[in-house]
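A.B. asks: Just a sequence and a predicted model for now, questions to come.
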There are 2 protein chains.
Amino acid sequence: MRQLGSCAMLMLCGLMACTPESEMQIDESAAVRQIIEAHNSKLVHWYAAGQIDSVVTVFASDARQMGPNMAPLVGREAIRDSWTQATSWGTWTFELNTESVSASGPLAVEHGTYTLSFEPGATAPPGMAATADTGNYIVQWRREDGEWLIVNDIATSQIPVATLCERHQ
Amino acid sequence: MRQLGSCAMLMLCGLMACTPESEMQIDESAAVRQIIEAHNSKLVHWYAAGQIDSVVTVFASDARQMGPNMAPLVGREAIRDSWTQATSWGTWTFELNTESVSASGPLAVEHGTYTLSFEPGATAPPGMAATADTGNYIVQWRREDGEWLIVNDIATSQIPVATLCERHQ
């Protein structure tokens, strides 16, 4: 059915005056950006509230999350386990600022900047300190059955190593 | 002309039996992966040889490079300036291992793992030490006038902060 719909749209485009590819992509990207920003608002809330079962509904089953200075989390279940533990120790507050979205068909790429702070709670392991980070991220989104899901989520810190290590002492 | 060709192809697809979207994307991604891997082979050679004027031919004019623990490099000229200086100090040896490529129209996303080592040369600033890093990267590629160029290049180290700071002392 989906295939038939796709074919019908292609025929329609073939028979009518076509919009140039670049203009179509600007419209497409703007529409997808709205969806992504709505997802991000929810994600930020869910991370802060420790609602990790909700967080992972936005991740594809084969998603990969690559945070700074740690082994990548591969698969939705690994992401769920890691964040369930992390949020049991305290509060993780993200700010996600989407800078650009490029979409084409079922593929979209978001670039943005982030800040992240961690405030340890009563159940944090002894000596676990408050932390803060800031940097850039790229998220690869994929449309699956009409839903946009995260496939790759990578963040890199822009805090210089010297500063990081002063804080780490 | 390009628009006309695109319309003709769409009509042809509309009139003939269509290949399902997912299968088309697997073929498309495999073809783009070959191009990306060829680019990467050249890039690794050019970085090691300090041929930065060649490196930047693979970057779009508005490209952004986001390396670990540094401010992002924004624009081809910033990338050129930063790497021209860095390669004047010694030899940067990358290994890039492409793990996956997803392509749709003029947009492609590559995920891979990297290793990077730096060996200071005679012109390195006093005290600049050899370094090594390993981690994951995502590159967003865009097809411009038939050429695939890098738009966003982000890498995140998977070396734990404690290890990083031991080396940094």
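C.D. replies: Received it, and whenever you're ready, just let me know what you need.
A.B. asks: Can you report how many residues lie near the closest residue to A:Pro125 other than its chain neighbours?
C.D. replies: Excluding the flanking residues, the one nearest A:Pro125 by C-beta to C-beta, 6 or more residues apart in numbering or on different chains is A:Trp89, at 6.7 Å. For every residue, glycine as well, the C-beta is placed using N, CA and C. Residues lying near A:Trp89 (other C-beta atoms under 10 Å in any protein chain shown) number 17.
A.B. asks: now the strands for chain A?
C.D. replies: A:59-66, A:73-74, A:90-104, A:107-120, A:131-144, A:147-157 (DSSP state E).
A.B. asks: Of those strands, which stretch is the most buried?
C.D. replies: Most buried of the strands of chain A by mean neighbour count (mean count of other C-beta atoms under 10 Å in any protein chain shown) is strand A:147-157; its value is a mean of 22.
A.B. asks: tell me which strands and helices that one is in contact with?
C.D. replies: Using 3 or more C-beta pairs under 8 Å, 6 or more residues apart in numbering or on different chains; DSSP states H and E, the elements in contact with strand A:147-157 are helix A:21-49, strand A:59-66, strand A:131-144, strand B:131-144, strand B:147-157.
A.B. asks: Next up, the contacts around the closest residue to A:Ser88 other than its chain neighbours.
C.D. replies: Nearest residue to A:Ser88, sequence neighbours excluded (C-beta to C-beta, 6+ apart): A:Thr123, at 6.0 Å. Counting by C-beta atoms under 8 Å, 6 or more residues apart in numbering or on different chains, A:Thr123 makes contact with A:Ser88, A:Trp89, A:Gly90.
A.B. asks: distance of A:Thr123 from A:Gln51?
C.D. replies: Counting by C-beta to C-beta, to the nearest Å, the separation of A:Thr123 from A:Gln51 is 17 Å.
A.B. asks: sorry, back to before: how about CSV for the helices and strands packed on strand A:147-157, with distance to A:Gly105 and mean pLDDT added?
C.D. replies: Formatted as CSV, the helices and strands packed on strand A:147-157 follow (distance: least, C-beta to C-beta, whole Å; pLDDT from 0 to 100):
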stretch, distance to A:Gly105, mean pLDDT
helix A:21-49, 8, 92
strand A:59-66, 16, 98
strand A:131-144, 8, 97
strand B:131-144, 13, 97
strand B:147-157, 17, 98
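A.B. asks: To B:Ser82, which of those lies closest?
C.D. replies: Between B:Ser82 and the helices and strands packed on strand A:147-157, the shortest gap by C-beta to C-beta is with strand B:147-157, which sits at 12.2 Å.
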